[in-house]
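Asks: no sequence for this one, just the structure:
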């Protein structure tokens, strides 16, 4: 196990969460993507890219459970870098058995959310409401397999996978940002 990289990943994730908590207390996270938070996310993603280039995905056997979770958090928050998130999704899939499988579900759904497509596992919310899912009948089965709590059936909105021209997001400011960073 690479203890120095493990320690660094944990510190990066803790810094992310500390900045987030401070900005929440200052009520600076409610309007769009806060530039301070975005800068932290970009810095962390840059360092994680270097780590991945050095050792591949930081799996449990390479860096331990806590650091592997920290690496996932960094990716989950790197929303300004769609290609990196997608690359990491592939790396997570290739690392099955040596990662937390819930992380694949969360990252899959996060990518779907930012692409404006329905999610598969029901892990993402939009303004406090469960973001639409691909298959209402399958979501709680998948969640059970991953040891995630089921959603009340009446809270699940199903939207069959649309064609590539369909986008679930209507907010022009959000869409402008998604276009700027490469989600659309």
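Replies: Structure received. Because the structure is predicted, anything quoted here is derived from the model rather than measured. Residues are numbered from 1 along each chain as shown.

Asks: residue contacts, the residue positioned nearest the centre of the chain?
Replies: Here the mean C-alpha position of the chain is nearest to the C-alpha of residue 76 (C-alpha atoms, centre = their mean), at a distance of 2.8 Å. With contact set as C-beta atoms under 8 Å, 6 or more residues apart in numbering, residue 76 has these partners: 103, 106-107, 110. Heads up, the C-betas are built off the backbone N, CA and C, glycines and all.

Asks: Which stretches in the protein count as strands?
Replies: All strands of the chain, identified by DSSP state E, fall at 125-126, 129-130.

Asks: quick one: residue 104 from residue 111, how far?
Replies: Computed as C-beta to C-beta, to the nearest Å, the residue 104 to residue 111 distance reads 11 Å.

Asks: Can you pull the residues that touch both of the two?
Replies: Taking C-beta under 8 Å, 6+ apart as the contact criterion, the residues that touch both residue 104 and residue 111 are residue 89.

Asks: contacting residues for the residue lying closest to residue 93 once chain neighbours are set aside?
Replies: Computed as C-beta to C-beta, 6 or more residues apart in numbering, the closest residue to residue 93 that is not its neighbour in sequence is residue 104, at 6.3 Å. Residue 104 sits next to 89, 92-93, 96 when contact means C-beta under 8 Å, 6+ apart.

Asks: which of the residues you listed has the most neighbours?
Replies: Each of those was scored for neighbours by other C-beta atoms under 10 Å, and residue 92 scores highest at 25 neighbours.

Asks: Now do that residue, the pLDDT please.
Replies: Turning to residue 92, the model gives it a pLDDT of 97.

Asks: Could you list the low-pLDDT ranges of the chain?
Replies: When the per-residue scores of the chain are filtered using pLDDT under 70, the ranges that remain are 160-165.

Asks: cutoff 90 now
Replies: 1, 29-32, 127-128, 153-154, 158-171 (pLDDT under 90).
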